[in-house]
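Enquirer: with the input below, show me the fold.
(4 chains)
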Protein chains: 2
Amino acid sequence: MATIYDVARQAGVSPKTVSRVLNRDAPVSDKTKEAVTLAMDALGYVPSHAARSIKSNKSGLIGLITGAISNADEAANHAGLPELFIVQGAQAVIERSRKTLLISDTGGRLDRVPDLVRTFQEHRVEGILYVADYHKPLELTLPGRGIPKVLVNCFDDIGTPAVVPDDEGGQYALTKAVLSEGHRSVAYMTLAPTQEATKLRLRGYRRALAEAGIAFNDDLVQAADLFGSPGEHQLIWDALDKFFAGNSRPTAIFCGNDRLAMAVYGILRRRGISVPEDVSVVGYDDHRLISETLYPALTTAELPYSAMGARAAQTLLELLAGQTEAPNAPIRISGQIRLRASLIAPRTQDRDNIINLKGRSEI
Amino acid sequence: MATIYDVARQAGVSPKTVSRVLNRDAPVSDKTKEAVTLAMDALGYVPSHAARSIKSNKSGLIGLITGAISNADEAANHAGLPELFIVQGAQAVIERSRKTLLISDTGGRLDRVPDLVRTFQEHRVEGILYVADYHKPLELTLPGRGIPKVLVNCFDDIGTPAVVPDDEGGQYALTKAVLSEGHRSVAYMTLAPTQEATKLRLRGYRRALAEAGIAFNDDLVQAADLFGSPGEHQLIWDALDKFFAGNSRPTAIFCGNDRLAMAVYGILRRRGISVPEDVSVVGYDDHRLISETLYPALTTAELPYSAMGARAAQTLLELLAGQTEAPNAPIRISGQIRLRASLIAPRTQDRDNIINLKGRSEI
DNA sequence: ATTGACTATGACACCGATGTCATGACATCC
DNA sequence: GGATGTCATGACATCGGTGTCATAGTCAAT
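Expert: Numbering: from 1, shown residues only, chains lettered A, B, ... in the order given. This is a model prediction of the structure:
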């Protein structure tokens, strides 16, 4: 690979002058400039990032750690929206700021994080983004003292800046949307109860019910998350059984994510229950591959991964520029509600029955 | 950030000795080694990749260009398996060889490729992987003369090494699997006819039919690919109409990908047709998020993206090491057939009817 | 004509590593 | 005991750029 010295020799000038042409940081006569440009083209010269960064002590690199890439194959044990969307949002912002994103992958193994950070340090990254696969507390202490960091989709208790989804607000808005259609008995098939998202969203669900004056019914909340294992479909059958066994037969069902909703579609139909005529189904994530393709298309709440990635990157860049103080609480990002065909108003007789609350046999 | 000089001063030795401790390339007394190690820890010293690479003229970097990251949000106009799985396969291999993968994203805009390659050149990448979002001819001439490259999921006509899926073989195997269940009238709802995959897979489909002595029936092949647009569901309705209108009512339906199969599930059921009792449904891709979650679970052919990425990375590394000549034809990677609940043997009366081939009204 | 301001350019040092070569202290061998 | 070899270490140059400073030339103002 040609160096600045080769270009200088070819153009008959000093390396420093070539540098000036490259960086436009000092006047160079048109004639010289042209000779240099010609020489650069002839030699296919591209300046060396390494040489520059060693001198300037700035790498222009931002490191990003994720499990997205490897996890993708394990189909994500949680199988919500892939973290990849977060990476995408971050990438766009980083690139616009003329820095380069160095993406590293844990391969699903947290114990590899120190190695990855070490590699980042060798490359003298200016900041680090750490992306979790779903909303959760950070499971480890990040090494790399002194390097600014922003957590995405996770948070810790030592004040590291963090960007997380507004799960409570999302489920609250989603529930309000369903209630405003006239539904009064709304079941909720959640993800694992230990998940941060489940706790927060349940809070939003209850808040919306309370505001509408509807009593919370414990029987209408069932967990059914067990990705990929053959037992999951059974879990969903069971949850649906419980929903429809009680007196307050639901006219709409929330699902912890769109994937769960996809399975629910199939099972409901197998049981002779039509979506949305007999029961409305609502997901979470707006995983468009699913939500737009399912028939009928799925009403769901956007999990704003792309926006979260963008916001995290932006926060990191501002920290690097010294423009901001680190935020003292996680930044919560809200998503849109996507109304699609799977949600319609409940049948009138259903409403009546709900009001009577008795004398109903299983469908 | 501490430098090797800081460490040397702290340990009371020369920088060169610190270098020797780092690289273990010359004997150092135990006492000195310990002093140096202590100093490195105390200062949190990490060697500078830039300084090393400038001296050694080796970057240890491999560049990868993809649209996966940004495309993901556009939900991939084709919406097959995300290229991301290719990246994952490549990442694993590259990392094992102790090199670092530099991932860049086109953001879906091909005209940005030259910029990305330029950035790669500044970083002095040793090789480049170019990943296409689906099997297709390469749409541009890659810049970066002299840098070894391997194409993944695409190919050109100037002999650049390439790794592609074995579409013909995949559909052939899938068709044989369906025929061996006893099906004799098998419809095929394809992706866009212009797509490489469609052409190749049709070839495999026809070959399997021919070998089984079944005449190819043009009415049983319909294209229905139009991702995300609201018109797609209508397209699928129409295709199904045509399948079921003719005399040779199919007992199994191939879909161009798993996403299409997902939509077909919903529409078939809406029409009162049960999967798999009335008709078997088969996808392509083994997009596990879909294939394992759908109810009933989907029979499909694996699109071996991860293996393709791995193979491409391995090929590139071998080229760099001078171990191999560039292959003179694209390397075709085969995937597994995944048999799941959506495929069962056809009803006996269906077989009989097929044999009679007449007097059948629409279902 | 002299001065000062400005333009265009080059010499040289330096960034943080490592390769080359030199050197001093011992150990080994005939 | 002197020649030779090995070990442990350091001085110095070098990689490919850029920052600092110096210098020569041009032009307008005094």
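Enquirer: and A:Ala239, that one's in a helix?
Expert: Yes: according to DSSP: H, G, I helix; E, B strand; the rest coil, A:Ala239 belongs to a helix.
Enquirer: beta partners of the closest residue to it other than its chain neighbours?
Expert: Excluding the flanking residues, the one nearest A:Ala239 by CB to CB, 6 or more residues apart in numbering or on different chains is A:Gln222, at 3.8 Å. In short, each C-beta sits where N, CA and C put it, glycine included. Following DSSP bridges, A:Gln222 is listed with bridge partners A:Met189.
Enquirer: got the residues of chain A near DNA strand C?
Expert: A:12-17, A:20, A:26-29, A:31-33, A:51, A:54-55, A:57 (CB under 7 Å from any atom of the strand).
Enquirer: again, only using 10 Å
Expert: A:8, A:11-21, A:25-33, A:35-36, A:50-57, A:121-122, A:124 (CB under 10 Å from any atom of the strand).
Enquirer: how about the helices of chain A, start to end?
Expert: A:4-11, A:15-23, A:30-43, A:49-56, A:68-74, A:84-96, A:113-122, A:167-179, A:196-211, A:232-245, A:258-270, A:288-291, A:305-320, A:348-356 (DSSP state H).
Enquirer: rank those helices by pLDDT, which is bottom?
Expert: Of all the helices of chain A, helix A:68-74 carries the lowest average pLDDT, namely a mean of 49.
Enquirer: so A:Ser185 touches A:Pro250, yeah?
Expert: Yes: assessed by CB atoms under 8 Å, A:Ser185 is found in contact with A:Pro250 at 4.7 Å.
Enquirer: who has more neighbours, these two?
Expert: A:Pro250 (24 against 21; other CB atoms under 10 Å in any protein chain shown).
Enquirer: just give the closest residue to the closest residue to DNA strand D within the stretch 51-200 of chain A, not the sequence neighbours.
Expert: When distances are taken as CB to the nearest atom of the strand, the stretch 51-200 of chain A reaches nearest to DNA strand D at A:Ala51, 3.5 Å away. Excluding its sequence neighbours, the residue lying closest to A:Ala51 (CB to CB, 6+ apart) is B:Ile54, at 5.2 Å.
Enquirer: what about that neighbour, how many neighbours?
Expert: 20.
Enquirer: got a list of what it touches?
Expert: A:48, A:50-51, A:54 (CB atoms under 8 Å, 6 or more residues apart in numbering or on different chains).
Enquirer: between those, which is nearest DNA strand C?
Expert: For the contacts of B:Ile54, the nearest to DNA strand C is A:Ile54 (4.4 Å; CB to the nearest atom of the strand).
Enquirer: mind checking how far that closest one is from B:His123?
Expert: 13 Å (CB to CB, to the nearest Å).
Enquirer: A:Ala312 and A:Ala90 touch, don't they?
Expert: Yes: if you go by CB under 8 Å, A:Ala312 and A:Ala90 touch, sitting 6.1 Å apart.
Enquirer: sorry, back to before: now the common contact residues for A:Ser185 and A:Pro250.
Expert: Common neighbours of A:Ser185 and A:Pro250, counting by CB under 8 Å, 6+ apart, are A:Leu220.
Enquirer: can you pull the residues of chain A lying near DNA strand D?
Expert: Going by CB under 10 Å from any atom of the strand, the residues of chain A near DNA strand D are A:1-8, A:14-23, A:25-26, A:45-58.
Enquirer: what about A:Arg203, how many residues nearby?
Expert: 15.
Enquirer: what's around the closest residue to it other than its chain neighbours, how many residues?
Expert: Closest residue to A:Arg203 apart from its sequence neighbours, by CB to CB, 6+ apart: A:Glu168 at 5.0 Å. Around A:Glu168 there are 19 other residues, counting by other CB under 10 Å.
Enquirer: am I right that A:Glu168 is in contact with A:Gly204?
Expert: Yes: under the criterion of CB under 8 Å, A:Glu168 makes contact with A:Gly204 at 4.1 Å.
Enquirer: how close does whatever residue of the stretch 1-150 of chain A ends up closest to DNA strand C sit to B:Leu268?
Expert: Residue of the stretch 1-150 of chain A nearest DNA strand C, by CB to the nearest atom of the strand: A:Pro27 (2.6 Å). Plainly put, A:Pro27 is 73 Å away from B:Leu268 if you go by CB to CB.
Enquirer: if you count surrounding residues, which of those two has more?
Expert: Using other CB under 10 Å as the criterion, A:Pro27 and B:Leu268 rank with B:Leu268 on top: 21 against 8.
Enquirer: what's near enough to touch A:Val7?
Expert: Applying CB under 8 Å, 6+ apart, we find A:Val7 in contact with A:15, A:18, A:36, A:39-40, A:43, A:45.
Enquirer: determine which two of those are furthest apart.
Expert: Greatest spacing in the contacts of A:Val7, by CB to CB: A:Pro15 and A:Leu43 (13.3 Å).
Enquirer: shouldn't A:Gly246 be in contact with A:Asp219?
Expert: Yes: using CB under 8 Å, A:Gly246 is in contact with A:Asp219, at 4.7 Å.
Enquirer: so which of the two has more stuff around it?
Expert: The neighbour comparison of A:Gly246 against A:Asp219 (other CB under 10 Å) goes to A:Gly246, with 17 against 13.
Enquirer: and the pLDDT for that one?
Expert: 79.
Enquirer: and A:Ala76, by the same measure?
Expert: pLDDT at A:Ala76 comes out at 45.
Enquirer: contacts only, for the residue minimising distance to the centre of chain A.
Expert: Geometric centre of chain A, nearest residue: A:Tyr305, 2.8 Å, by CA atoms, centre = their mean. Contact partners of A:Tyr305, counting by CB under 8 Å, 6+ apart, are A:81, A:83, A:85-86, A:89, A:153, A:165.
Enquirer: which residues does stretch A:318-337 contact?
Expert: In contact with stretch A:318-337 (CB under 8 Å, 6+ apart) are residues A:126-127, A:148, A:150-151, A:155, A:159-166, A:169-170, A:173-174, A:177, A:286, A:299, A:301-304, A:307-308, A:311, A:315.
Enquirer: 6 Å instead, please
Expert: The contact list for stretch A:318-337, computed with CB atoms under 6 Å, 6 or more residues apart in numbering or on different chains, reads A:126-127, A:148, A:155, A:161-166, A:169-170, A:173-174, A:177, A:301-304, A:307-308, A:311.
Enquirer: now do the residue of the stretch 1-150 of chain A closest to DNA strand C against A:Met40, distance only.
Expert: 18 Å.
Enquirer: got the end-to-end distance for stretch A:242-258?
Expert: This stretch, stretch A:242-258, spans 21 Å end to end (CA to CA, to the nearest Å).
Enquirer: how far does it sit from its chain's centre?
Expert: Averaging C-alpha positions (CA atoms, centre = their mean, to the nearest Å) puts stretch A:242-258 27 Å from its chain's average.
Enquirer: also stretch A:324-342?
Expert: Centre to centre, stretch against its chain (CA atoms, centre = their mean), the figure for stretch A:324-342 is 10 Å.
Enquirer: before we move on, the earlier item: for the residue of the stretch 1-150 of chain A closest to DNA strand C, what are phi and psi?
Expert: When read as degrees, to the nearest 10, the backbone of A:Pro27 gives phi -60, psi 140.
Enquirer: for it, report the pLDDT, please.
Expert: 90.
Enquirer: from A:Lys33, how far out is it?
Expert: From A:Pro27 to A:Lys33 the distance is 10 Å (CB to CB).
Enquirer: can you check A:Arg118 too?
Expert: A:Arg118 is 43 Å from A:Lys33, by CB to CB.
Enquirer: with neighbour numbers in mind, choose between the two.
Expert: Using other CB under 10 Å, the more surrounded residue of A:Arg118 and A:Lys33 is A:Lys33, with 17 against 13.
Enquirer: measure the residue of the stretch 51-200 of chain A closest to DNA strand D to B:Leu319 for me?
Expert: 26 Å.
Enquirer: re earlier: can you select the buried ones from the contacts of stretch A:318-337 in PyMOL?
Expert: Buried subset of those, written as a PyMOL selection, criterion 16 or more other CB atoms under 10 Å in any protein chain shown:
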select buried, chain A and resi 126+127+148+155+161+162+163+164+165+166+169+170+173+174+177+301+302+303+304+307+308+311
